[in-house]
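Asker: take this sequence and fold it.
(2 chains)
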Amino acid sequence: MSSTITTPQDWASDQEVRWCPGCGDYSILKAVQLLMPELGGTPANTVFISGIGCSSRFPYYLDTYGMHSIHGRAPAIATGLAVAREDLDVWVVGGDGDMLSIGGNHLIHALRRNVNLTILLFNNQIYGLTKGQYSPTSEVGKVTKSTPFGSLDHPFNPVSVALGAEASFVARTHDMDRGHMMEMFRRAREHRGAALVEIYQNCNVFNDGAFESITSRSARDDMLIPLVHGEPVRFGADKQKGVTIDGQGRAQIVNVADVGEEAILVHDESRPDPGLAFMLSRLASGPDEPTPIGVFRAVDRPDYGSQVTAQLEAATERGGPGDLDALLHSRPSWEVAPA
Amino acid sequence: MADPAETIDADRSPVEVDRVIIRFAGDSGDGMQLTGDRFTAASAVFGNDLSTLPEYPAEIRAPAGTLAGVSAFQVHISDHEITTPGDAPNVLVAMNPAALRSELKRLVDGGTVLVNTDAFTERNLEKAGYEVNPLTDGTLDHVTVYEVPMTSLTKEAVAPLGVKPRDAERSKNFFALGLISWMYTRPEGPTLTWIDQHFASKPQVAAANRAAFMAGHAFGETAELFDHPYAVRPAVRPPGTYTNITGNVALAWGLVAAGRQSGLPIFLGSYPITPASDILHELSKYKSFGIRTFQAEDEIAGIGSAIGAAFGGHLAVTTTSGPGVALKGEAMGLAVSLELPLVIVDIQRGGPSTGLPTKTEQADLFQAMYGRHGESPLPIVAAHSPAACFDAAIEAARIALKYRTPVMLLSDGYLANGSEPWRIPDVSDLPDISVEFATEPNHTDPDGNAVFWPYKRDPLTLARPWAVPGTPGLEHRIGGIEKADGTGNISYDPANHERMVHLRADKIAGIANDIPPVELTGDTDGAELLVVGWGSTWGAIDGAANRVRARGRRVAHAHLTHLNPFPPNLGEILARHDRVVVPELNLGQLSRLLRAEFLVDAHSITKVQGVPFTAGELEAAFLKELGA
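Answerer: Here you go, the predicted model:
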């Protein structure tokens, strides 16, 4: 099946896309539709599962198998499908409210189990479908319909949460850079196990410009810190800034000229310990400071579904395939002879 | 029945009785469940009919010696067919004062009590709330008491094995088991074999338990405390191979069988909860059957993962108890909307909230029927005895697969942990419940193209096609949003929503044509009283109806396995009886469903004490209803 050649049209459904004009979701959908033919899979073997929220309409727009489920539960439903059907390419799509608030529990457990899923977390820091309440990633003090005096909640950093759950693959990208999105999605899809990609996504109706100070073309050089495996973590128009780890183990932004090139951290996404990746995720406390994007972590860890299958196979190898008649006679029994 | 305490036989050869009810009671740490279980197993292999009622506290170890910590196991063995664990025990084994105080009131007048006198210390008496020792103050004058220093006799028996005194004491339940096994002439082999197998990795424990068991047995034989032992002959039953089985094991095996009979791999998504966890444990063993068990992070993920697996073409199951069903409510609604096969198992326990986790109740019928938002009907199947859980599981799977619907399978704490002999079926007699996945487009669009419509229904069953991911050409999207009839595309059209609501309701209602009529037992013609029951009350109703008939009254019994939809002949049966009673372990849930559905003046008989009806209670209630 993987040799089948498809075009982006093969992956687009006949359903009219119904996001608000200008929504960041359009560019994410386009990136996925363009990427799918390059990945070599088929629509028949691909499943998109979503929860509830604007982004969760995603499956309707792809001509694959899909399920638009209930709020927060997509990672749990996808876990069942991926464990039952290892042959499928299962994607999970949802927003920050869906996967970090009502479904936060399912997300962290899918990540820690390392279920073979590609999870796209659309983070727009707002509840869009319910028309503008603050979300678990909204900044403190945010004034919304439900927080007229400003929100009090300390926000989640999705990458930190994923690393805390020891996800084997964690990346961040944003909706203004199709090439970077496609590269992150490709890496996530090619990763065996649970792969989470946080996508900074603009909600132009309820939270317009939330990421503009870091993702606009004029700001990117100074505000986005690209993480590239095996290379020093540097940014700025002339790569004049970089990241070091100080004596306390904290990541710090420095001028390269001040510390020397050799002091700059060389990014290693394959470090077994998630600690350093976590420190990188703490560099920015919100999208108004220089923020790392790219692959934070990509480590090999046995995925859940194949281990489940291995247990079934080992049991069958040991004692042969299950025999119902033998099972029903496996406990102490007695005979009653015909009278 | 013969009263064990009456006859005296000078030569001490066994006196035959037709049945006996024994209740083992002690502290939670005394191993009473195991003792009862072993006595039951030996009786089963011996060929008696039997029925059991384990009762234990929710706490793993309640404070030792207190009333709250009493754990009991009642077993009824007989030489004829029986349907309940018995109303009142003939014999009570009380391992401490708390067990005596808590359980004595259940004993029949003139019954027998065996007490472990070593446990009747001042401190234990105080913990049990006895100001005076009941062994000496006349409390037990109405029963026959055998005082046996079980702890010290056990210690003596195991002393030669070099067991530490504290460990030695732990074998005292095997002493009690040995003594009771002698009293009721149980074969020793099954118990000794079990001890050797179960404690194979701890030879000293095995040796101690063996020594304690044999000492108890020998004590009965030699102590001259007892006039003679008793014998309960094997019961006469249809030929075949029998095993003693609990409801939870039977239900798990029924699911294994459903997997085989459907030709589908099984996926169980579950979260541990009393009294359902044993089904998860049981199915987790059967990996060679291709059964995937997934202990989810919560109840919602339990059903969520099962829905995902069902989408992928597995026979999907989620198991839980009432509180878990409440948590699964939204996902059950999703499964109704997705129209995917799913078996939801509810092992009911006392509620609401945490309620009585280890006790039985039937109060989830309304939750099964209505516990979702919107109009979201689903079929309900209920097992009527421990062994019947096997067939009920296959039936629930059959309906789920054929009609592409979630099905609620109801059992309860009593069925789950209680056991009875089960004639092992011939696997070639099990029903074929196989289904076919969609493989081809099923519709032609206006342009003449072959297309796949995920909600185009089978005209007979109204089931939609089951097209699993991986099938080329049938890619489609489903979801919880209302779907257009046929295409399955999102639709907010008012008329379409009404049509879909009716279609889903009609599909479930139509299952009535595909289930057996309810069988009327007892006085099938011209009964004065019709008893309608469901689930685990079957045994007590059957027993009570027999007793009332023995008094010359005409009683019929209709017991429902299918609660939604009802069997097609139920209305007619209700209509031709003037007096209808409905015994339930709730406040009258089935009776209200019957009243609503059939406009029948069904009278409710209720009990919500966390324990089953006894046949005696129902006998009295039926007679009262008959004005007798």
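
Asker: can you check the pLDDT for B:Arg12?
Answerer: Here, the pLDDT recorded for B:Arg12 equals 79.

Asker: can you classify it as helix, strand or coil?
Answerer: coil (DSSP: H, G, I helix; E, B strand; the rest coil).

Asker: give me the neighbour count for the closest residue to it other than its chain neighbours.
Answerer: Among residues not flanking B:Arg12 along the chain, B:His228 sits closest, at 4.4 Å (CB to CB, 6 or more residues apart in numbering or on different chains). C-beta: built from backbone N, CA, C; applies to glycine. By other CB atoms under 10 Å in any protein chain shown, 17 other residues sit near B:His228.

Asker: these two touch, right, B:His228 and B:Pro14?
Answerer: Yes - between B:His228 and B:Pro14 there is a contact under CB atoms under 8 Å: 6.4 Å.

Asker: dump the residue contacts of A:Gly320.
Answerer: Applying CB atoms under 8 Å, 6 or more residues apart in numbering or on different chains to A:Gly320 gives the contacts B:Ser288.

Asker: residues near A:Asp63, how many?
Answerer: By the measure other CB under 10 Å, the count of residues near A:Asp63 is 21.

Asker: measure it to B:Lys483 for me?
Answerer: The spacing between A:Asp63 and B:Lys483, counted by CB to CB, to the nearest Å, is 17 Å.

Asker: which element, helix or strand, includes A:Val243?
Answerer: Assessed by DSSP states H and E, A:Val243 sits inside strand A:241-245.

Asker: what is the distance between that strand and the centre of its chain?
Answerer: Distance of strand A:241-245 from the chain centroid (CA atoms, centre = their mean, to the nearest Å) equals 26 Å.

Asker: after that strand, next one along is what?
Answerer: Sequence-wise, the next helix or strand downstream of strand A:241-245 (DSSP H and E) is strand A:251-255.

Asker: what segments of the stretch 101-250 of chain A are strands?
Answerer: Along the stretch 101-250 of chain A, counting by DSSP state E, counting those that start in this stretch, strands occupy A:118-123, A:169-174, A:195-200, A:224-227, A:234-235, A:241-245.

Asker: again with the stretch 201-350 of chain B
Answerer: Along the stretch 201-350 of chain B, counting by DSSP E, counting those that start in this stretch, strands occupy B:230-231, B:240-246, B:266-270, B:292-295, B:315-320, B:342-348.

Asker: can you tell me which of these is most buried?
Answerer: Neighbour counts (mean count of other CB atoms under 10 Å in any protein chain shown) averaged over each of the strands of the stretch 201-350 of chain B peak at strand B:315-320, with a mean of 32.

Asker: and that strand with chain A, contact?
Answerer: Yes - Strand B:315-320 lies within reach of chain A by CB under 8 Å from any CB of the partner chain, at B:Ala316.

Asker: show residues contacting the helix or strand containing B:Val582.
Answerer: Assigned by DSSP H and E, B:Val582 belongs to strand B:580-584. The contact list for strand B:580-584, computed with CB under 8 Å, 6+ apart, reads B:362, B:365, B:529-534, B:537, B:540-541, B:574, B:588, B:590-591, B:594, B:600-607, B:613, B:618, B:621-622, B:625.

Asker: same thing but at 7 Å, please
Answerer: Strand B:580-584 is touched from outside by B:362, B:529-533, B:537, B:541, B:574, B:590-591, B:594, B:600-606, B:613, B:618, B:621-622, B:625, with contacts defined as CB atoms under 7 Å, 6 or more residues apart in numbering or on different chains.

Asker: can you give me how far that strand is from the chain middle?
Answerer: Worked out by CA atoms, centre = their mean, strand B:580-584 lies 20 Å from the chain centre.

Asker: which residues touch the closest residue to chain A within the stretch 451-600 of chain B?
Answerer: Residue of the stretch 451-600 of chain B nearest chain A, by CB to the nearest CB: B:Gly479 (3.1 Å). Taking CB under 7 Å, 6+ apart, we find B:Gly479 in contact with A:67-69.

Asker: by neighbour count, which of those residues wins?
Answerer: That'd be A:Ser69 among the contacts of B:Gly479, by other CB under 10 Å, with 33 neighbours.

Asker: tell me the spacing between that one and chain B.
Answerer: Distance of A:Ser69 to chain B, computed by CB to the nearest CB, to the nearest Å: 6 Å.

Asker: hmm, back to that, which members of the contacts of B:Gly479 are positioned in strands?
Answerer: A:67-68 (DSSP state E).

Asker: picking up where we left off before, pull up the overlap in contacts between B:His228 and B:Pro14.
Answerer: With CB under 7 Å, 6+ apart, B:His228 and B:Pro14 have no common neighbours.

Asker: count of residues packed around B:Leu200?
Answerer: Just to correct that, residue B:200 is Ala rather than Leu. So B:Ala200, with other CB under 10 Å, has 10 neighbours.

Asker: isn't B:Ala544 right next to B:Ala615, touching?
Answerer: Yes - with contact defined as CB atoms under 7 Å, B:Ala544 reaches B:Ala615; the gap is 4.5 Å.
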